[in-house]
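J.: Just a sequence and a predicted model for now, questions to come.
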Amino acid sequence: MVFNYQPNKLVNTVVKSRMHYYDVKTKSVRFKVRPILIIAIERNYFHTDLTVLPISSVSNKKNIDYKFDISIGKIECPTLRYITRDYCFVRTHKPYTINSNSLFTDSNLDNLKVLYPHKFEQISLAWSEFSESLLK
């Protein structure tokens, strides 16, 4: 993918990315395209690594962590283009590192901090609390 902007423009945006997951039915690692929230970049030129938080509908509701899974579905954030479900969550306790080659987006970026500052603040606080609990 060719980008017409610098990677720092991606920070705080919701885009789609190719992500791996373990498929219990096939007992193998598979891939799917899912929305993510980009929270950091390694360097400000392509191709670079990005730190992201996955966005998931969390099919098994018992797995929702109400402290660290922040709701961001269509009901709460209706203008986010890559959010297609009424109920889904930014999983602040499940960060990933991906390469910018894995992104599926265009130049119309949905910046969560600009569009939904209150929701961004909730996510930021949950991420801070989770990350501060590490390496103690």
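T.: Sure, I can see it. Note that the coordinates shown come from a computational prediction; the quantities given were computed from them, not determined experimentally. Numbers count the residues shown, from 1 in each chain.
J.: can you pull the pLDDT of the residue nearest to T13 when sequence neighbours are not counted?
T.: Leaving aside its sequence neighbours, T13 sits nearest to L109 (C-beta to C-beta, 6 or more residues apart in numbering; 4.5 Å). C-beta: built from backbone N, CA, C; applies to glycine. On the pLDDT scale, L109 is placed at 91.
J.: quick one, helices of the protein?
T.: For the chain, the helices defined by DSSP state H cover 112-115, 117-132.
J.: What is the least confident helix or strand in the chain?
T.: Sorting the helices and strands of the chain by mean pLDDT, DSSP states H and E puts strand 103-104 at the bottom, at a mean of 90.
J.: Which residues does that one contact?
T.: For strand 103-104, contacts defined as C-beta atoms under 8 Å, 6 or more residues apart in numbering pick out M1, L10, V15, K16, S17, R18, V33, L50.
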